[in-house]
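[1] can you look at this prediction? I've put the sequence above it.
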Amino acid sequence: MLKFFKDVVVRKFDIKVSLVGATVLAALTFANVSWAEDSVILAAGDIAHCGSAGPGKTAEIISQIPGTVLALGDLAYDDGSIQQFRDCYDPTWGKFKDRTRPVPGNHEYHTDGAGGYFSYWGEQAGAKGKGYYSFALKQWHVIALNSNLKGSDMRMQNDWLKDDLKNSKQRCILAFWHHPLFSSSRHGNNSRMRDIADALFARGASVVLAGHDHVYERFDPQSPSGKRDRKRGIRFFTVGTGGAPLYPFRSPHLYSRIRYNDQQGVLKLIMHPTSYKWEFINVEGKIKDRGSADCV
C-alpha cells in the first residue's frame, strides 16, 4: 500500500514536471517564431571621406549588429569615383558589402552617370543608370529609389514604383533614397521626390529614410504635402550621419520631433510583422532616440 502511494505521488510529480517542461518549451518555441519573423535594418548615408575617422566609428556600430545595411547615398567623397569607393568606402563600410543595399547620392553623380557607384556595386545597385529596385525583408517590402533622376527618367521611376507597389503583397512598406523631402538643416526641404512620396502615401507606406543633410532628424507621421497625419502619414527620418562632418540645424520644421547633430551614428530599425521599433545609436554607443509604431 505504501509502495502504491509512493508510485502515485511520483507519477503525479512526473506529470507536473512534464507539463511545466512542455509549457516552457512552447513558450520558447513561440518566442523563436516571433524572433524569426523580425528583421533588422541599419541605416545611414553621407559616409566615407578618406582619412576621416567618422566612417570607421560608424562601421564599428554595424559590425556588432547583424542585419541589412541601407546606405543612403553620398557614400564615397568627394566624387563617387571607383577609386574613392575602393580607397575610402571599402576599408570601413565595405566590410558589410554583401549585406548592404545602396542608393546613390548627388556626390556619386560627380562622376559621369554615377559610373563609379554602379561599377562598385554591380547588380546590388539595380539596373545600371537607373538605381532603383525593391526587395522583401520577411513581412516588409523595401524600396530603394534614386532621387538624382530628372525628367523622363524620374517619370519612368515613378511608373515603375506604382507597378511595384501594386504587385507587392506585404502590409508594411519602407522606402529609402538620398534627398529628404523634409529637413530642418542646411539643405532644407527638397520637393524632387514629392510625386514618389505621393505614390507611397497612397499605398500606405510607413517609413521613408533619407540622407543628404548631415544630421539625424525624425518627424511625426505626415503626408507628402506636409500635413500631420498620425493614422496614415509616413514617418520620415533623415540619417546623414554615416561619417561625414555634421551640419547645423536651422529653423525647425513644424513636425520635426527629434534633431541630433552632436556625433555621427546609425539608425537601427527592428521590423516586426505589423510594427517597427527604432533606435539612433551614436558612435559612443549611446541611444539618442528611440520609439515604436504600428505599420500604416
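    Alright, I've got the coordinates.
[2] how is this structure carved up into domains?
    Structural domains annotated on the chain: 1-36, 39-294, as defined by automatic domain parsing.
[3] now the closest residue to residue 216 other than its chain neighbours. Its backbone dihedrals?
    Nearest residue to residue 216, sequence neighbours excluded (Cβ to Cβ, 6 or more residues apart in numbering): residue 260, at 4.3 Å. Where C-beta positions appear, they are placed from N, C-alpha and C, glycine not excepted. Geometry field for residue 260 lists phi and psi as phi -140, psi 130, criterion degrees, to the nearest 10.
[4] contact partners for residue 260?
    Contact partners of residue 260, counting by Cβ atoms under 8 Å, 6 or more residues apart in numbering, are 215-217, 280, 282, 288-289.
[5] show me where the stretch 101-250 of the chain has helices.
    Counting by DSSP state H, counting those that start in this stretch, the segments of the stretch 101-250 of the chain that form helices are 115-121, 151-167, 194-203.
[6] and the longest one, what does it pack against?
    So that's helix 151-167. For helix 151-167, the packing partners by 3 or more Cβ pairs under 8 Å, 6 or more residues apart in numbering; DSSP states H and E come out as strand 140-144, helix 194-203.
[7] which elements pack onto the longest one?
    To tie it back to what came earlier, the one meant is helix 194-203. Counting by 3+ Cβ pairs under 8 Å, 6+ apart, the packing neighbours recorded for helix 194-203 are helix 151-167, strand 172-176.
[8] want to try a markdown table for the ones you listed, with distance to residue 40 as columns?
    Shown next, in a markdown table, are the helices and strands packed on helix 194-203 (distance: least, Cβ to Cβ, whole Å):
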| stretch | distance to residue 40 |
| --- | --- |
| helix 151-167 | 23 |
| strand 172-176 | 12 |
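[9] quick one: closest of these to residue 203.
    With Cβ to Cβ, the closest approach to residue 203 among those belongs to helix 151-167: 4.3 Å.
[10] so that closest one versus strand 172-176, what angle?
    160 degrees (axes from the mean of the first three to the mean of the last three Cα atoms, to 10 degrees).
[11] list the buried ones in helix 151-167?
    By 16 or more other Cβ atoms under 10 Å, the buried positions in helix 151-167 come out as 154, 157-158, 160-161, 164-165.
[12] stretch 118-134 now?
    So stretch 118-134, judged by 16+ other Cβ under 10 Å, has buried residues 118, 120-121, 125-126, 131-134.
[13] if we can go back for a sec, packed most tightly, which of the domains of the chain would that be?
    Each of these was scored by mean neighbour count; the highest is domain 39-294, a mean of 19, by mean count of other Cβ atoms under 10 Å.
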